[in-house]
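>>> One predicted model, sequence on top.
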Amino acid sequence: MIEDSKLGYYLVPVLKIWVFMFFLLLCIIPFGLLLQFNFLPTIAHPIVNDIIAQLSLVVIVLGALLMMFKVFPDLGFYQVFIRKTSVLPEFFKGVGLGLVLMLLCALLLYANGNVVFEKANISGDTVCLYLLYFLLISAFEELLFRSYPLFALAERYPLWFAVLVNGLLFAFAHFANPGITALGALNITLAGMLFAIYTLQKRNIAWAVGVHFAWNFTQAVILGYNLSGNKMSGFVKAMPKGVDYLSGGEFGIEGSAICTVFLVGCISWLFYRKGFGLSEPSTQEGNEKE
């Protein structure tokens with residue numbers, strides 16, 4: 001009897017995540033019907049089409065979250081690490097860190113002879129569209145991975161386990177990316193763990209959205225690297241040189257051991273400061289509801 005109760009206790013987070021996935025599928029149906037019956041006009045610009053697709057995904061994940069809060073009325077946006085306060089400051093802190101991390105990685109690769117940069121042309125309109133595109137990608141992926149699934153795992157499992165599983169799920173979602181390598185998969189796992197740790201510590205997903213956004217935008221648009229294997233255009237074009245495990249090869253900076261070192265360093269620093277501990281909300285903050 002006791003063993004059964006323990007098993008049920010630890011199965012609840014898994015069941016909640018499955019319910020969340022079911023609601024995601026329900027929210028996808030209306031968008032699938034729109035595409036199936038061609039109700040939407042055709043747009044020639046590929047980036048605009050990508051932006052519309054990412055905006056649809058953000059709406060889908062928000063809809064699934066709202067349905068979860070309806071089924072579990074004791075929960076709200078605050079309980080799954082989405083806060084009304086400190087959103088912009090935490091977002092821009094994340095942007096700053098993501099920008100610095102990527103530039104330092106590129107600088108070391110350049111100094112080591114593992115990359116050269118060639119001049120490229122990109123219009124101001126395209127840069128603005130990419131800003132919106134990558135902002136939507138980061139919002140969708142962080143809402144998908146670092147909101148309810150992270151909360152469900154952290155609720156009943158050891159925090160280190162919740163962080164590790166969250167990182168692995170994040171990497172699994174990228175396994176279909178072109179040219180993915182073992183090192184690339186490891187670095188995406190570490191990136192997911194980094195985002196998860198800070199989100200658990202701050203109970204604020206805004207930082208993760210910011211660092212994720214800057215991480216992608218800096219790689220793709222500022223430095224012209226392939227982004228997780230996807231070819232991008234930027235102000236310059238990065239041309240990796242030498243062995244792939246250092247240069248990143250066709251997968252981009254995320255396939256480089258230099259990136260691994262920076263990610264491990266950031267995770268170690270966060271763990272040194274606060275461990276995997278979940279910061280407790282104050283009484284006033286705990287009463288916040290979206």
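Received the coordinates, thanks.
>>> Low-confidence regions, the stretch 1-150 of the chain specifically.
For the stretch 1-150 of the chain, the stretches flagged by pLDDT under 70 are 1-4, 34-44.
>>> what ranges do the strands span in it?
With DSSP state E, counting those that start in this stretch as the criterion, the stretch 1-150 of the chain has strands at 115-119.
>>> which residues in it form helices?
Taking DSSP state H, counting those that start in this stretch as the test, the helices found in the stretch 1-150 of the chain are 2-36, 46-71, 87-111, 124-145, 148-156.
>>> of the ones you listed, which approaches Phe251 most closely?
When the helices of the stretch 1-150 of the chain are compared by CB to CB, helix 87-111 sits nearest Phe251, at 13.2 Å. For every residue, glycine as well, the C-beta is placed using N, CA and C.
>>> helices or strands next to that closest one in the packing?
On a contact count with 3 or more CB pairs under 8 Å, 6 or more residues apart in numbering; DSSP states H and E, helix 87-111 meets strand 115-119, helix 206-217, helix 257-274.
>>> Tabulate the ones you listed (a markdown table), appending mean neighbour count.
What follows is the helices and strands packed on helix 87-111, written out as a markdown table (neighbours: other CB atoms under 10 Å):
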| stretch | mean neighbour count |
| --- | --- |
| strand 115-119 | 14 |
| helix 206-217 | 26 |
| helix 257-274 | 16 |
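>>> Go through the ones you listed and name the closest to Gly184.
For the helices and strands packed on helix 87-111, the distance to Gly184 is smallest for helix 257-274, at 8.9 Å, taking CB to CB.
>>> now that closest one and helix 87-111, what's the angle there?
Angle, helix 257-274 to helix 87-111, by axes from the mean of the first three to the mean of the last three CA atoms, to 10 degrees: 140 degrees.
>>> Run the angle between helix 257-274 and helix 206-217 for me.
Counting by the same axes, to 10 degrees, helix 257-274 lies at 170 degrees to helix 206-217.
>>> Need the contact partners of helix 257-274.
The contact list for helix 257-274, computed with CB atoms under 8 Å, 6 or more residues apart in numbering, reads 97, 101, 104-105, 108-109, 112, 114, 183, 186-187, 190-191, 193-194, 197-198, 201, 245-246, 248, 253.
>>> One more pass at 6 Å, please.
With CB atoms under 6 Å, 6 or more residues apart in numbering as the test, helix 257-274 has contacts from 101, 105, 108-109, 187, 190, 194, 197, 201, 245-246, 253.
>>> Let me know which of the helices of the stretch 1-150 of the chain is tucked in deepest.
Counting by mean count of other CB atoms under 10 Å, helix 148-156 has the highest mean neighbour count of those, with a mean of 22.
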